[in-house]
Each structure stands twice: as C-alpha cells, then as structure tokens.
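Novice: sharing a model prediction with you, sequence too.
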Amino acid sequence: MNNSYVVYNDKIVPESEVSISIRSKAFNYGLGCFEGIRAYYNKSEDQLYAFRLDDHYTRLLQSCKALNIQIPYTVQELSKITLELLRKNNFKTTTYIRPLAYKGGEGIGPTLADDDNRLVIYCQPLESYTGKTELKVAITSWQRLEDNMLPPRTKATAAYLNSALASLEVTSKGYDEAIFLTNNGHVCEGPGENLFIVKKGKLITPPPSDNILEGITRETVIELAREELGIEVVERSISRTELYASDEVFFSGTAMEVTPVIEVDDRIIGDGTKGEVSTKIKDLFFDITTNNNPKYSKYCTPVY
Ligand SMILES: Cc1ncc(COP(=O)(O)O)c(C=O)c1O
C-alpha cells in the first residue's frame, strides 16, 4: 500500500513519506480511536459512493470527545478531505477508509491530557472481509469490555486487543469469527461487528446497554427491516441459548457488511443455510450502498 496517498499532518501525501515515532503514545499505549468507512463502486455509473460518511465522522468526533483527543476539524471538513483523498488515489473499486485520531506525544506515561493530537486517514481496496458468504462462529471465553472500563462505544484502538484475543481463540479452533458475551452472560457482538437474530419473524439485536458499539450498519439494517420489509425490530438482551434456538443469525458491520451465520458453537442455526430475512436484508443493503435505491441516496456521497 506504500504507493497510495494518505492524509497526514493536514495534508495529502504519499504514504512512503509518513513516519510515526516508535515512542508515540498511540503505539505504546493504544491512545487513539478510529473509524472504518466503506466507499462502494457503482460500475454502471462509473462512480464511487462513500457510505454514510458524515455519520462515521460524527461518531469519530464523539469518540475523540470521550477520550480527550482534540482534532480541530468539523464533520464537513473531515468528509471533504476524505473525498479528496479518494480522488487522489483514483480508486474505482470498493474501498475501505480508515481515519485514526491519536495522541502523538513521545513522553513516558499513558496520559490523555497530552496535547499532541493527530489525525491520519488511509484507504485501500477491500472486497469481502472474510472471503466467505456464510460463517460458522463460536462464543469466546474472553468477556466483552464494559463502558466504564474501556468503552467499546469509542472505537478506541486499545479495545481491539479484546477483539484480537477473541478472534485468536476461535479462529485457532477453525471457526470463522467470535461472539462476545457481556459480564452477565448476555450476547454482545463480534470482535468488529454487531449481531442480529431472527425469531418468529422478529428481528432482535442487543441494546447499547449491553456494551456494543452502536454500529452504523446496525442502524441501517434496523431502518431497512422496518421500512422496506415491515419487520418488527426489538433491541433487547439476548441469552446464549436463545442464540442457538434462533431461526437466523447474521452479523452487520462496515467491514463485515451483512453476513449470515449458519452455525454457533457447532449448533446449526435454522436449517443451516442463510435465511430468508438475512438474504433480503443483505440484498437491500448492497442496493443502497451502491446508490441503486433513490430513497437512500442521502447515505451515498459521490466521490467523482
Ligand atoms: C466492535 C465493533 N462492533 C460493531 C461494529 C460495526 O459498526 P459499523 O456498522 O458502524 O461499522 C464495528 C465496526 O466498526 C466494531 O468494531
């Protein structure tokens, strides 16, 4: 990726010109927070559309506020420079964008009071995150972080060690992805994605109070289910065995998109194939991300 352009110190520069100190607090203590955004390529229009760009930057600024990382930009400025960056890279394929706000100071000590606040943005082509259309997953023995411990809501870089441990545990046993439980045993989310179950025609998903990241894809799925499919959506705690007894399970996330889960802890979900509701939501989702549904054009910002 070294020949791509990135945003660094307020400017768009070749990635090869960027050097970040080994002493940086972000590197040493994980003092940073980030976003993951996708831009989808619509081939027939030869256009790239950034999906819910402003919503991602609104969340980044909220994370920065919680973590005392002051980056002096508005949502509009961040969106504008991201569009410039995508144009500069001339990407004409589905692209993943990673803005990262962090503490760049080099002194010893994990202090968020440090006033060396920085922002980088890089991007790269990214098609399917897992390379699979349906997943076999397992519940991890690692417990999900809590809001009063290391808030998952802030997409803090340090929180992804929790995610990485969960992924390591289950992928080393041959599963595709992990599911976290909360400290009181409620189903929470995956290491980088939210979770939905379908039961008796209703869509159920854990509430923010169960320590999830309030996903932008999750919000989109809820809107599509209610508006386009007329399905009732309930945000409430889910217990482990309720997951096993679901008719359907699927993940949602910017990287993961909408991906059905067909097995949990070696229990077959439903009839073991991707379910009807998951498939409908997935199809609707890909329609709107490529700006093929005018009703949802508000979520798609053209790059070119
Ligand atoms: C822990 C976690 N949960 C859920 C999500 C899904 O959020 P979104 O749909 O906004 O990408 C992500 C990805 O950002 C994540 O890292």
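Specialist: Great, that's in hand.
Novice: chain neighbours aside, what residue packs nearest to residue 253?
Specialist: residue 193 (3.3 Å; Cβ to Cβ, 6 or more residues apart in numbering). For glycine as for every other residue, the C-beta is placed from the backbone atoms N, C-alpha and C.
Novice: ok, now which ones touch that neighbour?
Specialist: 177, 215, 217, 251-253, 255-256, 259 (Cβ atoms under 8 Å, 6 or more residues apart in numbering).
Novice: tabulate these in a markdown table, adding columns for distance to residue 229, secondary structure and pLDDT.
Specialist: Putting these into a markdown table (distance: Cβ to Cβ, whole Å; DSSP: H, G, I helix; E, B strand; the rest coil; pLDDT from 0 to 100) gives the following:
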| residue | distance to residue 229 | secondary structure | pLDDT |
| --- | --- | --- | --- |
| 177 | 25 | strand | 98 |
| 215 | 19 | coil | 98 |
| 217 | 16 | helix | 98 |
| 251 | 18 | strand | 98 |
| 252 | 15 | strand | 98 |
| 253 | 20 | strand | 98 |
| 255 | 24 | coil | 97 |
| 256 | 20 | coil | 97 |
| 259 | 18 | strand | 98 |
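Novice: shouldn't residue 217 be in contact with residue 252?
Specialist: Yes. Contact status for residue 217 versus residue 252: in contact at 4.2 Å, counting by Cβ atoms under 8 Å.
Novice: neighbour count: the two, which is higher?
Specialist: Neighbour tally, residue 217 and residue 252, criterion other Cβ atoms under 10 Å: the higher count belongs to residue 252, 27 against 23.
Novice: what's across from the more buried one in the sheet?
Specialist: Beta-bridge partners of residue 252, counted by DSSP bridges, are residue 194, residue 258.
Novice: wait, it sits on residue 215?
Specialist: Yes. The pair residue 252 / residue 215 is scored as a contact, 6.0 Å apart, by Cβ under 8 Å.
Novice: can you list residues touching both of the two?
Specialist: The contact lists of residue 252 and residue 215 share 193-194, where a contact means Cβ under 8 Å, 6+ apart.
Novice: returning to what we had before: now the common contact residues for residue 217 and residue 252.
Specialist: In contact with both residue 217 and residue 252: 193-194, 258, using Cβ under 8 Å, 6+ apart.
Novice: adding distance to the ligand and pLDDT, write these out as a markdown table.
Specialist: Output for those, formatted as a markdown table (distance: Cβ to the nearest ligand atom, whole Å; pLDDT from 0 to 100):
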| residue | distance to the ligand | pLDDT |
| --- | --- | --- |
| 193 | 5 | 98 |
| 194 | 5 | 98 |
| 258 | 10 | 98 |
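Novice: how close does whatever residue of the stretch 1-150 of the chain ends up closest to the ligand sit to residue 43?
Specialist: In the stretch 1-150 of the chain, the residue found nearest to the ligand is residue 36; the distance is 4.7 Å by Cβ to the nearest ligand atom. The spacing between residue 36 and residue 43, counted by Cβ to Cβ, to the nearest Å, is 23 Å.
Novice: ditto for residue 198
Specialist: Residue 198 is 31 Å from residue 43, by Cβ to Cβ.
Novice: can you tell me how far residue 182 is from residue 144?
Specialist: Counting by Cβ to Cβ - residue 182 and residue 144 are separated by 5 Å.
Novice: neighbour count winner among the two?
Specialist: residue 144 (24 against 19).
Novice: which one is that one nearest to, not counting chain neighbours?
Specialist: residue 180 (3.8 Å).
Novice: kindly report the same for residue 218.
Specialist: residue 194 (4.1 Å).
Novice: the one you found touches residue 220, doesn't it?
Specialist: No. At 10.6 Å, residue 194 does not count as touching residue 220 under the criterion of Cβ under 8 Å.
Novice: overlap of the contact sets of these two?
Specialist: By Cβ under 8 Å, 6+ apart, the residues touching both residue 194 and residue 220 are residue 252.
Novice: so what's residue 86 up against?
Specialist: Counted by Cβ under 8 Å, 6+ apart, residue 86 has contacts 39, 48, 50, 95, 97, 123, 303.
Novice: at 7 Å instead, please
Specialist: 39, 48, 95, 123, 303 (Cβ atoms under 7 Å, 6 or more residues apart in numbering).
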